[in-house]
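A.B. asks: below are the sequence and a predicted model for it; my questions follow.
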Amino acid sequence: MTATINDIADKAFDYVIAGGGTAGLTLAGRLSEDPSISVAVLEAGESNLDDPNITMPGQFGKTFGNSKYDWCHSTTKQKNSNDAVVYWNRGKGLGGSSAMNFYTWSKPPAADVDAIEQLGNPGWNFKEYSKYSLMSETFHPATKDQLASFPHTYISEYRGTSGPIHTTPPPNIPSLEILFQETMINKGLNANRDPYGGDVTGVSSLVSNLDPMTWTRSYSVDYYLRSKHRPNLKVLTEATVARVIFAEAEADQDLTATGLEFLYGGKTYLVKVQKEIIISAGTIKSPQILELSGIGRPDVLTKIGVETKVALSGVGENVQDHISCRFAFELNPQAKHETYDLMRDPEYAAKEMKLFAEGKGHYRRGITSFAFLSLSSANPKDTPALIEKASEEIMAIKKCSNNPGLAEQLDLQQERLINDTRPDIELLCIPNFPTIRALVPPQWQMMPDPEKKYITMAFVLNHPLSRGTVHAKTTDPLDQPEIDPHYFEHDFDLEIMVQGFKYIRSTNVEPWNSDIKQETFPGPTVVTDEDIREFIKDTFNTVWHTMGSCSMLPRDKNGVVNPELKVYGTTNLRVVDISVIPLQIAAHTQATAYMIGEKASDIIRGIVRDA
Ligand SMILES: Cc1cc2nc3c(=O)[nH]c(=O)nc-3n(C[C@H](O)[C@H](O)[C@H](O)COP(=O)(O)OP(=O)(O)OC[C@H]3O[C@@H](n4cnc5c(N)ncnc54)[C@H](O)[C@@H]3O)c2cc1C
């Protein structure tokens with residue numbers, strides 16, 4: 001059972017965590033392993049435990065737009081993409097975004113993590129990443145039955161064996177995913193035996209965060225369930241953190257947090273802290289809490305009427321998102337693939353629901369087939385000219401940017417582009433007609449033909465040059481912050497997307513040619529490079545992997561936290577969530593959020609662990 005207000009209000013704890021999401025519950029679970037440490041977690045959403053809308057896979061997006069589960073954020077109008085407004089769903093409630101994500105368990109290339117260390121963060125390299133990431137995972141290899149329906153290879157040292165998060169290959173793989181994998185290999189990509197050891201390039205089957213005993217979601221709540229009986233851990237839900245309270249300090253002294261102010265049942269309360277406060281409210285809300293506490297860009301704070309206590313110009317800056325775009329291809333009627341298009345038939349969906357209750361059927365799956373490729377694999381002929389173009393653009397950005405930390409980041413990004421082993425683009429397939437984001441222009445609001453079957457092919461920009469912002473608009477913690485991702489502010493981001501588009505469209509190998517009838521979406525109206533660019537600007541969507549808003553960087557490089565995740569200018573305030581990652585990685589981000597929670601626990605407790 002979660003805590004009551006009387007367990008928390010005016011009480012003192014060693015550690016108070018703002019946000020019971022992916023990293024927050026990981027940290028709470030680990031810190032409270034020591035019975036001498038008291039821990040409180042304040043989570044704005046409900047507990048939502050055992051809720052089938054969360055636990056049952058195969059119903060992607062079911063909780064979107066429902067304020068019981070979703071913060072329902074949206075961006076400002078994006079001027080470089082035809083005024084697009086993009087919904088930024090984020091998990092609200094215990095588990096945070098791990099309670100609404102798409103089950104893809106993915107780790108970054110070693111070089112992308114080593115880049116975080118190169119930016120001035122000792123100890124944030126791939127070796128450390130692997131050590132902490134393995135602690136969060138229990139991997140269940142494919143059983144004989146699973147292997148009978150599809151091949152699954154893995155290297156055991158890359159897989160965790162005792163962590164709270166269960167991962168597994170799906171019970172079976174739709175034949176269309178096999179078609180995708182074979183097609184991409186025949187197009188020249190390598191088959192990656194195990195993408196979890198630092199090399200993600202090529203075609204691979206990623207595992208899903210599902211517990212194969214029940215085929216239900218395994219998420220950060222599993223850390224909570226392991227620890228909820230502990231008397232030293234209290235988790236209060238429906239408690240929205242408003243701001244950090246600091247002790248009086250001299251002008252040149254670092255601030256010491258003494259408590260958190262929070263809203264509960266329409267009233268304002270205080271929880272006191274003896275050691276540290278940890279903000280773990282995710283990329284969008286963590287910078288907002290800092291700003292409401294007087295930590296941030298002085299002009300932003302002045303505008304909303306908050307006194308500046310620590311001037312940190314990096315708060316809410318350096319925001320980097322992954323974006324994707326989708327094709328629909330119609331299958332040849334004689335192709336024998338079963339697609340999720342069948343789920344559009346209510347009778348079929350009801351039958352599947354029944355099968356799930358018996359531990360069978362399609363609902364047990366996540367999205368599993370992926371390919372990661374470099375620009376030079378996508379378009380070897382034009383790569384030299386494209387790199388030249390990128391270099392010019394990077395030089396121009398450096399010249400006019402007043403962000404002191406950006407130049408080093410862009411240099412590392414340029415190195416990635418030049419290196420043939422770094423994945424600039426991600427591809428994935430989904431065996432049904434694509435879901436296109438809301439609010440696209442009318443010409444792209446396509447519906448599938450109920451008599452036909454489709455495959456979605458998506459391409460993703462891994463390492464954007466554009467940097468966005470997230471800032472508080474008012475002093476009310478319940479107000480949404482202003483989100484401006486600056487999508488396509490730098491043209492090369494669009495160029496990479498165009499290359500992804502062309503790579504997919506140029507597919508002309510088996511088994512693709514035999515089973516695919518035609519491209520339905522966007523279809524024949526999109527021909528020239530200009531058409532492709534407009535199509536991408538009109539229909540791209542977020543991949544919900546945003547990071548960077550509380551970047552871990554040196555203070556004079558626009559950093560918000562140091563490598564111990566401590567907020568500059570404070571003695572006992574940390575940020576522990578995906579917002580601290582300063583440079584985007586070629587991976588889906590949940591495994592990284594768990595890794596941050598695991599590593600933060602050792603940093604806080606002063607534990608030095610061997611690899
Ligand atoms: C729709 C979606 C699909 C995704 N799919 C995948 C995927 O398939 N694979 C993958 O690897 N990654 C995926 N991701 C990304 C991944 O889930 C996130 O990067 C990760 O979960 C972020 O963890 P976090 O701890 O930083 O934040 P969160 O898990 O979002 O936690 C933040 C918590 O803080 C709480 N909170 C916020 N403000 C306050 C406040 N003021 N007071 C108290 N509590 C507060 C929130 O309610 C939330 O519980 C997806 C994300 C989304 C949103």
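C.D. replies: Alright, I've got the coordinates. Numbers count the residues shown, from 1 in each chain.

A.B. asks: ok, which stretches of the stretch 151-300 of the chain are helices?
C.D. replies: 175-186, 221-227, 282-292, 298-304 (DSSP state H, counting those that start in this stretch).

A.B. asks: quickly check: the second one near the ligand or not.
C.D. replies: No - Helix 221-227 lies apart from the ligand when judged by C-beta under 6 Å from any ligand atom; the minimum separation is 10.3 Å. C-beta here means a position set from N, CA and C on the backbone, and glycine is covered the same way.

A.B. asks: so what's the gap between that helix and the chain middle?
C.D. replies: Relative to the centre of its chain, helix 221-227 is centred 21 Å away, using C-alpha atoms, centre = their mean, to the nearest Å.

A.B. asks: centre-most residue in the protein?
C.D. replies: Most central in the chain under C-alpha atoms, centre = their mean is H545, positioned 2.9 Å from the mean C-alpha point.

A.B. asks: that one reaches V319, doesn't it?
C.D. replies: No - applying C-beta atoms under 8 Å as the test, H545 and V319 come out as separate, 11.3 Å apart.

A.B. asks: what about the longest strand in this structure?
C.D. replies: For the chain, the strand with the greatest residue count under DSSP state E is strand 267-279.

A.B. asks: in the sheet, which strands lie alongside it, parallel or antiparallel?
C.D. replies: strand 12-18 (parallel), strand 257-264 (antiparallel), strand 573-575 (parallel) (DSSP bridges).

A.B. asks: tell me, how many residues neighbour R193?
C.D. replies: By other C-beta atoms under 10 Å, 13 other residues sit near R193.

A.B. asks: look up how far I418 lies from the nearest residue to it once chain neighbours are set aside.
C.D. replies: Take R193 and drop its neighbours on the chain: the residue closest to it by C-beta to C-beta, 6 or more residues apart in numbering is T153, 4.7 Å away. Distance of T153 to I418, computed by C-beta to C-beta, to the nearest Å: 30 Å.

A.B. asks: give me the phi and psi for the residue nearest to the centre of the chain.
C.D. replies: phi -110, psi 30 (degrees, to the nearest 10).

A.B. asks: repeat for A142
C.D. replies: Dihedral angles (degrees, to the nearest 10) for A142: phi -60, psi 140.

A.B. asks: what is the neighbour count of it?
C.D. replies: Other residues near A142 number 22, with proximity taken as other C-beta under 10 Å.

A.B. asks: which residue sits closest to it, ignoring its sequence neighbours?
C.D. replies: Nearest-residue entry for A142: H152, 4.2 Å, with adjacent residues in sequence omitted and distances by C-beta to C-beta, 6+ apart.

A.B. asks: and for S81?
C.D. replies: K537 (4.0 Å).

A.B. asks: and the one you found, that's in a helix?
C.D. replies: Yes - assessed by DSSP: H, G, I helix; E, B strand; the rest coil, K537 belongs to a helix.

A.B. asks: between T153 and I418, which is the more surrounded one?
C.D. replies: A count of neighbours by other C-beta under 10 Å puts I418 above the other of T153 and I418, at 15 against 11.

A.B. asks: wait, that one sits on E388?
C.D. replies: No - applying C-beta under 8 Å, one finds I418 not in contact with E388, separated by 10.7 Å.

A.B. asks: picking that back up, as a markdown table, the strands paired with strand 267-279 with mean neighbour count and distance to the ligand would be great.
C.D. replies: Output for the strands paired with strand 267-279, formatted as a markdown table (neighbours: other C-beta atoms under 10 Å; distance: least, C-beta to the nearest ligand atom, whole Å):
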| stretch | mean neighbour count | distance to the ligand |
| --- | --- | --- |
| strand 12-18 | 25 | 5 |
| strand 257-264 | 21 | 7 |
| strand 573-575 | 27 | 10 |
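
A.B. asks: can I get those strands in a markdown table with mean pLDDT and distance to P171?
C.D. replies: What follows is these, written out as a markdown table (pLDDT from 0 to 100; distance: least, C-beta to C-beta, whole Å):
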| stretch | mean pLDDT | distance to P171 |
| --- | --- | --- |
| strand 12-18 | 98 | 35 |
| strand 257-264 | 98 | 42 |
| strand 573-575 | 99 | 38 |
